[in-house]
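K.L.:
I'd like to go over a predicted model; first the sequence, then the structure.
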Amino acid sequence: LIIDLSRMNSLLKINPARKTAHIQTGVTVEQLNDELEKFDLEFPVEPLFPEIQTIGGLMALNCPGDRELKYGPILNWVDSIEIITDKGEVKDFSKSEATDFVGLEGTTGIIASAKLRLISKRQRTISILRSIIFEELLQLSKKLKLNQEVSMILLIGKKLASMSGLEGKYHLLVEFESNRGTMKNQEYDHII
């Protein structure tokens, strides 16, 4: 059974002081973050396709997003949820009860809305490290995971690099939540 909740796409309430957003689950990550820019806030769970991936879909799978290294899965950011039960009742559940629904693909109830925690908008930069030796980048990524400024590490293999117009080497993309990366502003946006 597939249930389309894409029309349940309202941003119900944003509370900048408490850094929370109450949204319907058909809201996309991009839609939410575009609205949050007005308040210099953001939702840190960034999936591969934020323009089409909905909060409800991410919650149903408990997706971590690209910044899992720093922020973990979406469950970490849920304060409360509203569920439609198998009997058609609408019930509210707290953060501690959210584990009964988040990540269970809708089998225990339909997630209708959620109250999410937010963070202040971060400055991000990125560096690309290259090597022909996979193990070299693997060892480097283990060290980088310990750095508090690193929010994302992505490895691009030789084949994908070549297909993407990059040099035929392994590429390690390292995102920093600081000015430490070599690519900033528009160059950062282009790479991301």
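P.N.:
That came through fine. Remember, predicted model here, so these are calculated numbers, not experimental data.
K.L.:
buried stuff in the top helix by length along the chain?
P.N.:
Secondary structure of the chain per DSSP state H: the longest helix is helix 134-144. Using 16 or more other Cβ atoms under 10 Å as the test for burial, helix 134-144 gives L137, S141, L144. Every C-beta, even on glycine, is put in place using the N, C-alpha and C of the backbone.
K.L.:
Pick the one among these closest to T20.
P.N.:
Set against T20, the nearest of those by Cβ to Cβ is L144 (31.1 Å).
K.L.:
Please dump the buried residues of helix 134-144 into JSON lines; it should also carry distance to M8 and pLDDT for every row.
P.N.:
Output for the buried residues of helix 134-144, formatted as JSON lines (distance: Cβ to Cβ, whole Å; pLDDT from 0 to 100):
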{"residue": "L137", "distance to M8": "42", "pLDDT": "95"}
{"residue": "S141", "distance to M8": "39", "pLDDT": "94"}
{"residue": "L144", "distance to M8": "39", "pLDDT": "96"}
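K.L.:
a markdown table please, covering the residues you listed and showing distance to T99.
P.N.:
Putting those into a markdown table (distance: Cβ to Cβ, whole Å) gives the following:
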| residue | distance to T99 |
| --- | --- |
| L137 | 35 |
| S141 | 30 |
| L144 | 30 |
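K.L.:
just to revisit the earlier point, any idea how far the longest helix of the chain is from the middle of the chain?
P.N.:
What separates the centre of helix 134-144 from the centre of its chain is 23 Å, taken as Cα atoms, centre = their mean, to the nearest Å.
K.L.:
try stretch 48-56
P.N.:
With Cα atoms, centre = their mean, you get 9 Å for stretch 48-56.
K.L.:
Tell me where the chain has strands.
P.N.:
Applying DSSP state E to the chain gives strands spanning 11-15, 20-24, 41-42, 78-84, 90-94, 110-117, 119-120, 125-131, 150-156, 170-176.
K.L.:
Out of these, the one nearest G57 is which?
P.N.:
Nearest of the strands of the chain to G57, taken as Cβ to Cβ: strand 110-117 at 9.4 Å.
K.L.:
May I see the buried residues of the closest one?
P.N.:
Neighbour count says strand 110-117 has I110, I111, A112, S113, A114, K115, L116 buried, by 16+ other Cβ under 10 Å.
K.L.:
will you turn those into CSV that also has distance to V78?
P.N.:
Shown next, in CSV, are those (distance: Cβ to Cβ, whole Å):
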residue, distance to V78
I110, 15
I111, 9
A112, 13
S113, 11
A114, 6
K115, 7
L116, 6
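K.L.:
Run through who's touching the longest helix of the chain.
P.N.:
When contacts are defined by Cβ atoms under 8 Å, 6 or more residues apart in numbering, helix 134-144 is touched by residues L129, S131, V150, I153, L155, Y170, L172, V174.
K.L.:
for stretch 86-102, same thing?
P.N.:
Outside stretch 86-102, the residues that touch it by Cβ under 8 Å, 6+ apart are 59-60, 62, 74-75, 78-85, 108-109, 111-112.
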